[in-house]
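Visitor: the sequence and its predicted three-dimensional model are supplied below.
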Amino acid sequence: MIDRRSFVSAAGFSAALAALGLPDRALAATGLRLGIPRPFSFDRLVDEARTLAAAPFRADATLPADVLERIDYEAHGKIRFDTASALFADGPGPFPVTFFHLGRFFRTPVRMHVIAGADADRFAREIVYDPAYFGMPDDSPAKALPAGAGFAGFRFQESRLGDQKKLDWKSNDWVAFLGASYFRAIGELYQYGLSARGIAIDVAMPDRPEEFPSFTRFYFEPPADGSDTVVVHALLEGPSITGAYRFAMQRGQSVLMDIDARLFVRRDIARLGLAPLTSMYWYSETAKPTAIDWRPEVHDSDGLALWTGGGERVWRPLNNPAGTTASAFADRAPRGFGLLQRDRNFDHYQDGVFYEKRPSLWVEPLGDWGEGEVQLVEIPTDDEIHDNTVAFWVPKGPANAGASYALRYRLHWTDREPFPSPLARCVATRLGRGGQPGQPRPQGVRKFMVEFLGGPLAGLPFGTKPELVLTAASGRFSYVFAEAVPDGVPGHWRAQFDFTAEGTAPVDMRLYLKTGDQTLSETWLFQYHPF
């Protein structure tokens, strides 16, 4: 029997698609099958997230676990989405959408939808999974998945339009959402690197496991032809939290994302991380164990940058500590923070995976975030395959069941921080044995060389040396002075000092350069782990 209400809604949806230049026949040409139309708005999605938070979490267990397990790394690598089936392959908008397949490492089915209509008359229809969208071997275990199984994630391909086309869209993408609430984008140097997340729950808590909520539904708005902006809505679900997200993503020289997030806490959370960034730091010029690897440096990011609500610029080099550590930087109404890749010299990496081109990722709060902390969690690693560094905002006050949060922010996937300081930047932190050449090296003493470049340092009068403002929570300093780096580069200085720790506990240090009352550099923060 035909449900007349569904028939009328479908007819209305087809008319809305046609009005937007996206008739059913355009999607049919791609081979995409659509479900029945349902009313959609971001406010409806927010209401649904709020309602879900009031009920116990139910994980999707509709797919056969044994089949997903057999789609291992090798089998998954043989499954390729057919770009002929891409959403928006022929428009509207310049950026087609392709989809990732489920497998052993991406088990949560994600439902994809396309939106049509305007204002109160908007509808959404699910893009129904079909193995025909993918090229795969005849004996692929993926063929055993049931009809309508869902997808693992999606990506926006590069522009298909001639006036915007820089790369072949069929083999190049610029943003990808895959796994839990992870997503990432390329920067100005056309390279993927670190990731962002929708949320971070109980990262590195000693008494409870970390939780990984998932984006379980996405809704794509048909973009305008020639526009460099795409809009996607998402539903987040997890045991401790639900949420509704709106992503407005702009592909220009870099990638910008305006994010509107509404979050609802299901059960008490010990560490709620908002706007989280996740990266990899194995080692750099700061500290490299002898012969650990043939490359001079291996990292996606080399530091955490902060622009505080009070206007201070801070650079905190990353560590690969012996044990998991968490650092907190209290603030009110922060202006921004990010995990950056400042070292852009290929010779410092010598690797064909282009670590020198990995994007920097900056979080710009939109509106007043109030009081809280930027927290940095650093986890030990002995390989580059592990993301071991996480930075996020933790709002003041407990995140208990029933609490809700509304958060707006902008992500900048760029070559460098989008709001550069007029002060000199820290460009390297180097550690060595303390003491003086030609003399016995004292035990337990570490030498620091902290390099700064640019800003007011470039205009220092000849013969003027910067003054070090140097403090530590404990221990003592010696041989403290500054000198110009002998490379002929104007404004390139290094601060030198020896440090003797008291005990083995980590020591937080702070340093900046000045002359008279004038601040010359950003503030260098470092967490030193005595040897």
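Guide: Looks like it arrived, so ask away.
Visitor: how close does Glu451 get to Met249?
Guide: Remark: distance between Glu451 and Met249 (Cβ to Cβ, to the nearest Å) = 35 Å. The way it works is simple: take the backbone N, C-alpha and C, and place the C-beta from them, glycine included.
Visitor: who has more neighbours, the two?
Guide: Met249 (23 against 18; other Cβ atoms under 10 Å).
Visitor: where in the stretch 101-250 of the chain is pLDDT low?
Guide: 163-165 (pLDDT under 70).
Visitor: so where do the strands sit in it?
Guide: Taking DSSP state E, counting those that start in this stretch as the criterion, the stretch 101-250 of the chain carries its strands at 111-116, 123-128, 134-135, 153-157, 173-178, 182-185, 195-197, 200-201, 214-220, 229-237, 241-251.
Visitor: looking at the ones you listed, which is nearest to Ala270?
Guide: strand 200-201 (8.8 Å; Cβ to Cβ).
Visitor: so what touches that closest one?
Guide: For strand 200-201, the external contacting residues (Cβ atoms under 8 Å, 6 or more residues apart in numbering) are 210-213, 238, 240-241, 269, 271-274, 276, 390, 392.
Visitor: buried subset of these?
Guide: 211-213, 238, 240-241, 269, 271-274, 276, 390, 392 (16 or more other Cβ atoms under 10 Å).
Visitor: closest to Phe100 out of those residues?
Guide: Of those, the one sitting nearest to Phe100 (Cβ to Cβ) turns out to be Phe212, at 16.7 Å.
Visitor: who's in contact with the residue nearest to Pro223 when sequence neighbours are not counted?
Guide: The shortest distance from Pro223 to any non-neighbouring residue, by Cβ to Cβ, 6 or more residues apart in numbering, is to Gly93 (3.2 Å). With contact taken as Cβ under 8 Å, 6+ apart, Gly93 is in contact with Pro222, Pro223, Ala224, Asp225, Ser227, Val230.
Visitor: list the contacts of Thr471.
Guide: Met509, Arg510, Leu511.
Visitor: can you redo the residues you listed as JSON lines with pLDDT?
Guide: Below are these laid out as JSON lines (pLDDT from 0 to 100):
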{"residue": "Met509", "pLDDT": "97"}
{"residue": "Arg510", "pLDDT": "98"}
{"residue": "Leu511", "pLDDT": "98"}
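Visitor: out of these, grab the one that's most surrounded.
Guide: Leu511 (25 neighbours).
Visitor: return the helix or strand where it lies as PDB; C-alpha atoms alone will do.
Guide: Leu511 belongs to strand 507-515 when elements are defined using DSSP states H and E. C-alpha atoms of strand 507-515 as PDB (Å, rounded to 0.1, in the frame of the first residue of the first chain):
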ATOM      1  CA  VAL A 507      59.500  22.000  36.200                       C
ATOM      2  CA  ASP A 508      57.600  24.700  34.400                       C
ATOM      3  CA  MET A 509      59.700  27.600  33.100                       C
ATOM      4  CA  ARG A 510      58.800  31.000  31.600                       C
ATOM      5  CA  LEU A 511      61.000  33.300  29.500                       C
ATOM      6  CA  TYR A 512      60.600  36.400  27.300                       C
ATOM      7  CA  LEU A 513      63.000  39.000  26.000                       C
ATOM      8  CA  LYS A 514      62.800  42.700  26.700                       C
ATOM      9  CA  THR A 515      64.800  45.900  26.600                       C
END
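Visitor: in the contacts of Gly93, find the pair that's most separated.
Guide: Asp225 and Val230 (12.2 Å).
Visitor: same drill for those two, tell me which one is more crowded.
Guide: Val230 (24 against 11).
Visitor: count the residues that sit near Met321.
Guide: Actually, residue 321 is Pro rather than Met. Pro321, neighbours per other Cβ under 10 Å, totals 15.
Visitor: excluding its backbone neighbours, what's nearest it?
Guide: Glu378 (5.4 Å).
Visitor: I'd say the one you found and Ala322 touch.
Guide: No: at 10.4 Å, Glu378 does not count as touching Ala322 under the criterion of Cβ atoms under 8 Å.
Visitor: between those two, which one's more packed in?
Guide: Taking neighbours as other Cβ under 10 Å, Glu378 and Ala322 compare with Glu378 leading, 22 against 10.
Visitor: can you give me the distance of the more buried one to Pro317?
Guide: 11 Å.
Visitor: equivalent analysis for Thr464, please.
Guide: Distance, Thr464 to Pro317, by Cβ to Cβ: 27 Å.
Visitor: so the two - more neighbours on which side?
Guide: Pro317 (21 against 10).
Visitor: residues touching that one, list them.
Guide: Per Cβ under 8 Å, 6+ apart, neighbours of Pro317: Ser284, Thr286, Asp302, Gly303, Cys426, Thr429, Trp524, Phe526.
Visitor: tell me the pLDDT of it.
Guide: If you check Pro317, the pLDDT there is 98.
Visitor: so what's it bridging to?
Guide: Beta-bridge partners recorded for Pro317 (DSSP bridges): Gly303.
Visitor: now do it against Val298, distance only.
Guide: 15 Å.
Visitor: follow-up on the earlier one: give the other helices and strands that the strand holding Leu511 contacts.
Guide: strand 467-472, strand 492-500, strand 523-528 (3 or more Cβ pairs under 8 Å, 6 or more residues apart in numbering; DSSP states H and E).
Visitor: in the longest one, what counts as buried?
Guide: Residues of strand 492-500 classed as buried by neighbour count (16+ other Cβ under 10 Å): His492, Trp493, Arg494, Ala495, Phe497, Asp498, Phe499.
Visitor: check stretch 514-531 too.
Guide: Thr519, Leu520, Ser521, Glu522, Thr523, Trp524, Leu525, Phe526, Gln527, Tyr528, His529.
Visitor: now stretch 359-373
Guide: Buried residues in stretch 359-373 (16+ other Cβ under 10 Å): Pro359, Ser360, Leu361, Trp362, Val363, Glu364, Pro365, Trp369, Gly372, Glu373.
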